[in-house]
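Engineer: Sequence and predicted structure below; questions after.
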Amino acid sequence: MEASVSGHIESIAWGGPAEYACFVDQILERARTSPHACAVDDADSSLTYGELANWVWGIAAALRRNAVGPGDIVGVAVPRSGAAVASFLAVTLIGATYLPLDPAYPAKRLAYMVSDSGAVVLLQTAAAPRVATDVPRIHIEEIGSTDTDEPTELLSTRPHCAPDRPVYVIYTSGSTGWPKGVALPHRCVDNMANWQMAHSVRPDVRTAQFAPLNFDVFFQELLGTLCGGGSLVIVPEDIRRDPFALWEWLAENHIERLFLPYVALHMLAVASAGFDVGRSALVEVNTAGEQMVCTPAIKALFERLPACRLSNHYGQSESAMVSAHILSEPVPAWPSLAPIGRPLPGCELLIDAADAADPYTGELLVAGAPLSLGYLGRDELNRAKYIPLAPTAHGHDRAFRTGDLVRYDGEVVHFITRLEDEVKIRGVRVNPLETEAWLLEQPGVLEAACVVEDNGPGRRTLAAAVTADAAADRPDPTAILARLQEVLPDVAVPKLLVVLGELPRTPSGKIDRAEIAAEIRGATTAATGGR
């Protein structure tokens, strides 16, 4: 344990020095040395590394003809496909910054992102929604590939991968109702890609491209695969939403590595009960986005996949990937709540403890390689979230406040809750995730989520929603709550439990707790006749 940095802020873990290698250089080198190897496999077509490079050079040339250069932001409205991969690489090849624009988003939201970011051009498909903007548009269907892997003019004028040059901007939810843009630099993205290659079962695995393009895991899927010489296989959109169909697709496409948000992992585990997982080629599954609960279904799945490794990844839009924990124990010994692990190389973790007597519990701060450049045009927010430090032993003088309450046990970091979601009921701290973990142990429960009902001073309680496992009897809320009373303190037992048809999701696949709270209220109102 190192000395306190400032007040109750304590440095708890250091990932060691990072070695940076530009992802653009690595992928171009793969195209030079293995031009005929499969890079991207889509439902409609596949691209070898050589074909991908030629397309990248062609898009880069089109961007240059539109006066796009280093530091410029390029909005890209292209669905998940080989074209999306080529577009991202072309934008970064010329030193510009990639702004993903999900075509499924409302046109007004996309227009806001284009305007707020200062994008200078839109790269899009002809079918992309019409965004109300005067920014010039380039239709990717009109761009051809180049005849050579390395066009002389582009190669000679291509900027180097400066560590602080922004690679991409993604928009995350904001308190004003409009999202806020976060810029991630080469230092962060290169470190993430290099770590993923070094810590995968093999660097050249066949990886499913599952994540939305505006979710930071997309870059981990793409770069961790192509830098290592693997193949990125695009999951069809309809299959992404159907865990039963996804199992069949994974087997048919010989998928070896999968990145999933926790909720999708749990649903895939439940669906596996009716599938011969021995047909699967999976050797590595990584999950992120929410606290991972090692549910009975997840444990049962990995008991049947002894050659497959499960890892829990942790990070934010503002700091990309921060830490990881591989569940290396025998499956029956897995904890209910998986740790978020140890930091990546170049990353330093600190804790801001509310109680000096307990310096290992508090808000997690992140310093070093994973840090973003900050929020676009949000100076006041940047000052609040990215704080100065007295230089640490590892030379860091800036850290990001994650807003996550964590505990360090001397080996790994454990997530407790979001500080904004920290719950005290009748003066007792309650961890809703623990309640959710017990709900998921109950017969007939497929999914579970807890929310806080604030019914006035001194009347705060937990409420919960579950969904039913179609292969079991419908959950009995009264019986479930009675069983929870046997294992949890009274304040941690929901006072209201409803069974929903499904749990609402955010666009990134996380559980939408605000919408769940509204549905619980709606179900309660309907049951009481509006009283």
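Structural biologist: Now that the structure is in, tell me what you want to look at. Small disclaimer: the values here were computed from a predicted structure and weren't measured.

Engineer: List the buried residues of stretch 360-378.
Structural biologist: Buried residues in stretch 360-378, counting neighbours by 16 or more other Cβ atoms under 10 Å, are found at 360-376, 378. Placement of C-beta: from N, CA and C, glycine included.

Engineer: How about stretch 312-327?
Structural biologist: Neighbour-count burial for stretch 312-327, counted by 16+ other Cβ under 10 Å, picks out 312-325, 327.

Engineer: Stretch 188-198 now?
Structural biologist: By neighbour count on 16+ other Cβ under 10 Å, the buried set for stretch 188-198 is 188, 189, 190, 191, 192, 193, 194, 195, 196, 197.

Engineer: Nearest to residue 271, out of those residues: which one, please.
Structural biologist: Nearest to residue 271 among the buried residues of stretch 188-198, counting by Cβ to Cβ, is residue 196 at 26.2 Å.

Engineer: Identify the residues contacting the nearest residue to the closest one once chain neighbours are set aside.
Structural biologist: The shortest distance from residue 196 to any non-neighbouring residue, by Cβ to Cβ, 6 or more residues apart in numbering, is to residue 224 (3.2 Å). Contacts for residue 224 (Cβ atoms under 8 Å, 6 or more residues apart in numbering) come out as 192, 193, 196, 197, 200, 207.

Engineer: Just the ones of those residues in strands?
Structural biologist: residue 207 (DSSP state E).

Engineer: how near is the residue nearest to residue 196 to residue 201?
Structural biologist: In this view, residue 224 and residue 201 are 12 Å apart by Cβ to Cβ, to the nearest Å.

Engineer: cool, and residue 424?
Structural biologist: On the measure of Cβ to Cβ, residue 424 and residue 201 end up 43 Å apart.

Engineer: care to break this structure down by domain?
Structural biologist: 8-16+344-418, 23-37+44-162, 423-529 (the TED database).

Engineer: what ranges do the helices span in the stretch 51-200 of the chain?
Structural biologist: 82-93, 107-117, 152-157, 186-199 (DSSP state H, counting those that start in this stretch).

Engineer: before we move on, what about the stretch 401-531 of the chain?
Structural biologist: Listed in chain order, the helices of the stretch 401-531 of the chain (DSSP H, counting those that start in this stretch) span 432-439, 477-487, 513-527.

Engineer: contacting residues around stretch 454-465?
Structural biologist: 423-426, 430, 432, 435-436, 439, 448-453, 491-500, 503, 516-517, 519-520.

Engineer: For the domains of the chain, could you give me JSON lines that also reports distance to residue 266 and mean pLDDT?
Structural biologist: Output for the domains of the chain, formatted as JSON lines (distance: least, Cβ to Cβ, whole Å; pLDDT from 0 to 100):
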{"stretch": "domain 8-16+344-418", "distance to residue 266": "17", "mean pLDDT": "94"}
{"stretch": "domain 23-37+44-162", "distance to residue 266": "22", "mean pLDDT": "90"}
{"stretch": "domain 423-529", "distance to residue 266": "7", "mean pLDDT": "84"}
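
Engineer: Output these in TSV; the columns should cover distance to residue 261.
Structural biologist: Shown next, in TSV, are the domains of the chain (distance: least, Cβ to Cβ, whole Å):
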stretch	distance to residue 261
domain 8-16+344-418	15
domain 23-37+44-162	15
domain 423-529	4
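
Engineer: Out of the ones you listed, the one nearest residue 279 is which?
Structural biologist: domain 423-529 (20.1 Å).

Engineer: and among the helices of the stretch 401-531 of the chain, the most buried is which?
Structural biologist: Highest mean neighbour count among the helices of the stretch 401-531 of the chain (mean count of other Cβ atoms under 10 Å): helix 432-439, with a mean of 21.

Engineer: So which other helices or strands are in contact with that helix?
Structural biologist: strand 413-418, strand 445-454, strand 460-468, helix 477-487 (3 or more Cβ pairs under 8 Å, 6 or more residues apart in numbering; DSSP states H and E).

Engineer: Columns distance to residue 111 on top of those, output as JSON lines?
Structural biologist: Formatted as JSON lines, these follow (distance: least, Cβ to Cβ, whole Å):
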{"stretch": "strand 413-418", "distance to residue 111": "30"}
{"stretch": "strand 445-454", "distance to residue 111": "32"}
{"stretch": "strand 460-468", "distance to residue 111": "34"}
{"stretch": "helix 477-487", "distance to residue 111": "44"}
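
Engineer: For residue 243, find the nearest of these.
Structural biologist: strand 445-454 (10.9 Å).

Engineer: how distant is the closest one from the center of its chain?
Structural biologist: 22 Å (Cα atoms, centre = their mean, to the nearest Å).

Engineer: same thing with stretch 489-506?
Structural biologist: Averaging C-alpha positions (Cα atoms, centre = their mean) puts stretch 489-506 24 Å from its chain's average.

Engineer: That stretch: end-to-end distance?
Structural biologist: 31 Å (Cα to Cα, to the nearest Å).

Engineer: Buried residues, that stretch. List them.
Structural biologist: For stretch 489-506, the neighbour count (16+ other Cβ under 10 Å) marks 491, 492, 493, 494, 496, 497, 498, 499, 500, 503, 504 as buried.

Engineer: Closest one of these to residue 249?
Structural biologist: Closest approach to residue 249 among these (Cβ to Cβ): residue 503, at 23.1 Å.

Engineer: close enough to count as contact, that closest one and residue 513?
Structural biologist: No. The pair residue 503 / residue 513 is not scored as a contact, 9.3 Å apart, by Cβ atoms under 8 Å.

Engineer: overlap in contacts of those two?
Structural biologist: residue 449.

Engineer: before we move on, back to that, rebuild the buried residues of stretch 489-506 as JSON lines, extending it with distance to residue 272.
Structural biologist: Converted to JSON lines, those look like this (distance: Cβ to Cβ, whole Å):
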{"residue": "491", "distance to residue 272": "35"}
{"residue": "492", "distance to residue 272": "30"}
{"residue": "493", "distance to residue 272": "30"}
{"residue": "494", "distance to residue 272": "28"}
{"residue": "496", "distance to residue 272": "31"}
{"residue": "497", "distance to residue 272": "26"}
{"residue": "498", "distance to residue 272": "27"}
{"residue": "499", "distance to residue 272": "23"}
{"residue": "500", "distance to residue 272": "23"}
{"residue": "503", "distance to residue 272": "19"}
{"residue": "504", "distance to residue 272": "24"}
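
Engineer: Go through those and flag which are in strands.
Structural biologist: Checked against DSSP E, the buried residues of stretch 489-506 include these in strands: 496, 497, 498, 499, 500.

Engineer: which one of those is nearest residue 475?
Structural biologist: residue 499 (5.7 Å).

Engineer: distance of that closest one from residue 469?
Structural biologist: Taking Cβ to Cβ, one finds residue 499 at 11 Å from residue 469.
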